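Undergrad: Here you go, sequence then predicted model.
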Amino acid sequence: MKSTEKSVDQAVESFSKHGIIARGDRWWMIGDGKSSVFQTTVFANPRGEITVQGDTDLCSFAFGPKNARGAVNWIGRQRFDGYVCEKASIGTTCHEMVWKFDSDALRESIEYWISEYESDAAEGEASPSRLAALNRALEDIDREEPLTILNELIDENVIEWEDMHSAEIPTTRVIYAWAAIQRLNELLNAEDSST
């Protein structure tokens with residue numbers, strides 16, 4: 001998804017000039033040393049959770065290593081993907097803080113479902129009413145909220161409940177938290193290699 005890739009690139013750039021400006025046994029504060037813009041503290045608790053807060057939205061990642069440095073490396077070495085989001089969903093304990101419905105993701109899903117129905121139609125197995133509902137939904141994307149469209153498609157038995165997730169993208173809360181941890185991990189790796 002292009003909007004997620006763009007957000008990831010922006011988040012990484014936002015932390016790219018940050019250094020470690022304070023630290024404790026299980027926490028680090030990063031910033032550019034000039035302002036509080038994206039100044040962020042990363043906490044690693046003994047239960048294997050890592051939490052990011054500061055000039056970003058609060059976000060936690062669960063079930064990592066119990067040692068502080070290992071927890072930073074655990075998320076910091078990951079590329080941004082579903083695994084990172086899964087750990088944020090568990091740590092943040094709220095699906096809506098990690099995922100949001102997106103019109104572009106919904107458009108891609110509907111276009112995929114239409115192509116599947118058209119393939120089925122060529123074999124005589126598709127329902128014309130379902131295909132018509134998908135085409136209507138595609139036309140409504142710029143006028144309706146994605147969740148409204150998805151609920152209508154479910155009510156009309158066009159898609160299944162679990163298909164809703166294909167129209168979700170990660171929130172910037174998770175993206176920026178991951179980018180802060182990634183930057184901290186780079187800084188700690190540089191310190192480790194210089195000693």
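TA: Nice, I can see it. Numbering: from 1, shown residues only.
Undergrad: Over to F63: give its phi and psi.
TA: Per-residue torsions, F63: phi 70, psi 50 (degrees, to the nearest 10).
Undergrad: count of residues packed around the residue lying closest to it once chain neighbours are set aside?
TA: Nearest-residue entry for F63: G48, 5.6 Å, with adjacent residues in sequence omitted and distances by CB to CB, 6 or more residues apart in numbering. To be clear about C-beta, it is placed using only N, CA and C from the backbone, and glycine gets the same treatment. Per other CB atoms under 10 Å, the neighbour tally for G48 reads 17.
Undergrad: and the residue nearest to the spatial centre of the chain, what does it touch?
TA: Nearest to the mean C-alpha position of the chain, by CA atoms, centre = their mean, lies P170 at 2.6 Å. P170 makes contact with 4, 7, 80, 85, 98-100, according to CB atoms under 8 Å, 6 or more residues apart in numbering.
Undergrad: Also D55?
TA: Contacts for D55 (CB under 8 Å, 6+ apart) come out as 36-40.
Undergrad: ok, now F101?
TA: 145-147, 150, 164, 167-168.
Undergrad: mind checking how far the residue nearest to it when sequence neighbours are not counted is from G31?
TA: Spatial nearest neighbour of F101, chain neighbours left out: P146 (3.8 Å); criterion: CB to CB, 6+ apart. Distance of P146 to G31, given as CB to CB, to the nearest Å: 36 Å.
Undergrad: And the residue lying farthest from the centre of the chain, its phi and psi?
TA: In the chain, the greatest distance from the average C-alpha position (CA atoms, centre = their mean) is reached by G124, at 38.8 Å. The phi/psi pair for G124 (degrees, to the nearest 10) reads phi 80, psi 20.
Undergrad: after the helix or strand where G91 lies, next one along is what?
TA: Using DSSP states H and E, the element containing G91 is helix 82-92. Following helix 82-92 in sequence order, the next helix or strand is helix 95-98 (DSSP H and E).
Undergrad: Beyond that following helix, next helix or strand please.
TA: Next along from helix 95-98, by DSSP H and E: strand 99-101.
Undergrad: in its sheet, what does that next one sit against?
TA: Note on strand 99-101: by DSSP bridges, its sheet partners are strand 168-170 (antiparallel).
Undergrad: quick one: average pLDDT of the partner strand?
TA: Strand 168-170 carries an average pLDDT of 96.
Undergrad: So what's the gap between that strand and the chain middle?
TA: With CA atoms, centre = their mean, to the nearest Å as the basis, strand 168-170 stands 6 Å off its chain's centre.
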